[in-house]
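K.L.:
quick check, what structure comes out for this input:
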Amino acid sequence: MTTLPRYRSLAFGVLAATLASCAGSQPSNYFVLSALPTPETPMGSASSNQLAIGVAPVALPAYIDRPQLVTRASANRLDLAEFDRWAEPLQDMFTRTLAENLSALLKTDLVYDLPDRQVPDLDYQVSVEIWRFDRGVDGKTELLARWAIFRGNAAEPLVTRKSLITEDVPAGSGAEAIIAAMSRAVETLSREIAQEIDSIAERTPTAGYDLRLIQKALESKGYDPGPADGHLGPKTREAIRRYQYNLDIQVTGEPSRALQDMLMRTP
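P.N.:
The predicted structure follows:
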């Protein structure tokens, strides 16, 4: 009976020490990659040269696919910053940032993170595999990636490239400067991919169409595609088929730049 106060005092002492430890622990910092500013064009105001682009989930090496910010202490040793963390899974953030950048650079609001159930017929798909994305021993951030561009849902890529991008980080800088440099590296990668897509599209006159414009043109010619909402539903497909059949051209029911141009030319 006489030992109970002593045990109670010990329990209170352990609890007090635990609370003091928690109160004195360092708070975590949470970071995100920054994307390019989105062009000030209203959603849904797509022009006929807008491309529909799908961005597949970026593949990351396991050593950086973690909440903590990773830096290199040497050629064979990594440091994990326990209190400097990504605000969300890096794969999701990298993929979305890349998609936002491509949307801004190519001036299209038809860029989608894949898989997405609401994706229309795509002009191109982008696939990116990251081999390295960290700050090296020399203080520079390095992004090493292999990427490919596919036409629509084709299995074989139109082009495959490898990019090595480095960004300087001022000596003695903290995690925020590292994240800013990593964001610049993602921007540079986005520009390389966007330039390649733009080059391909320029060589491909059938690339890029505005489904809303096609729907409005079909309606003006007496075909009922349903509402001009940019959604490729059964009524729009059927209207395209009837238009193609009446013009004695291949009946596919699929929108395309060639179909759009034909609708614009014919009375």
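K.L.:
what ranges does the protein have for its helices?
P.N.:
Using DSSP state H, the helices of the chain run over 4-24, 90-106, 175-203, 211-220, 234-246, 257-265.
K.L.:
and these as CSV, adding distance to Trp131?
P.N.:
Where you see a C-beta, it was placed from the backbone N, CA and C, and this is true even at glycine. Shown next, in CSV, are those (distance: least, CB to CB, whole Å):
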stretch, distance to Trp131
helix 4-24, 39
helix 90-106, 13
helix 175-203, 12
helix 211-220, 37
helix 234-246, 41
helix 257-265, 35
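K.L.:
residue boundaries of the strands in the stretch 1-150 of the chain?
P.N.:
With DSSP state E, counting those that start in this stretch, the ranges of strands along the stretch 1-150 of the chain come out as 29-31, 53-55, 68-72, 78-86, 111-113, 124-135, 141-151.
K.L.:
can you tell me which of the ones you listed is most buried?
P.N.:
Most buried of the strands of the stretch 1-150 of the chain by mean neighbour count (mean count of other CB atoms under 10 Å) is strand 53-55; its value is a mean of 24.
K.L.:
who's in contact with that strand?
P.N.:
Contact with strand 53-55 is made by 95, 98-99, 102, 106, 108, 110-114, 116, 119, 122-126, 128, 197, as judged by CB atoms under 8 Å, 6 or more residues apart in numbering.
K.L.:
please redo it, this time with the cut-off set to 7 Å
P.N.:
95, 98-99, 102, 108, 110-114, 119, 122-126 (CB atoms under 7 Å, 6 or more residues apart in numbering).
K.L.:
hang on, Gly78 packs against Ile64?
P.N.:
If you look again at residue 78, you'll see it is Leu, not Gly. No: counting by CB atoms under 7 Å, Ile64 is not a contact partner of Leu78; they are 9.0 Å apart.
K.L.:
now the common contact residues for these two.
P.N.:
Joint contacts of Leu78 and Ile64 (CB under 7 Å, 6+ apart) are Val70.
K.L.:
picking that back up, most widely separated two among the contacts of strand 53-55?
P.N.:
Farthest apart among the contacts of strand 53-55 by CB to CB are Thr95 and Asp123. That separation is 18.6 Å.
K.L.:
which one's more surrounded, those two?
P.N.:
Taking neighbours as other CB atoms under 10 Å, Thr95 and Asp123 compare with Asp123 leading, 24 against 21.
K.L.:
I'd say the more buried one and Leu51 touch.
P.N.:
Yes: assessed by CB under 7 Å, Asp123 is found in contact with Leu51 at 4.6 Å.
K.L.:
ok, Ala87 - contacts?
P.N.:
30-32.
K.L.:
if we go to 8 Å?
P.N.:
Here Ala87 is in contact with 30-32, 93 (CB under 8 Å, 6+ apart).
K.L.:
got a markdown table for those residues, with distance to Trp86 and pLDDT too?
P.N.:
Below are these laid out as a markdown table (distance: CB to CB, whole Å; pLDDT from 0 to 100):
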| residue | distance to Trp86 | pLDDT |
| --- | --- | --- |
| Tyr30 | 7 | 96 |
| Phe31 | 6 | 97 |
| Val32 | 7 | 97 |
| Met93 | 7 | 97 |
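K.L.:
verify the stated contact: Arg212 with Gly230.
P.N.:
Yes: counting by CB atoms under 8 Å, Arg212 touches Gly230, with 4.7 Å between them.
K.L.:
re earlier: which of the contacts of strand 53-55 has the weakest pLDDT?
P.N.:
Sorting those by pLDDT puts Val119 at the bottom of the list (75).
K.L.:
which residue, other than its chain neighbours, is closest to that one?
P.N.:
Tyr112 (4.8 Å; CB to CB, 6 or more residues apart in numbering).
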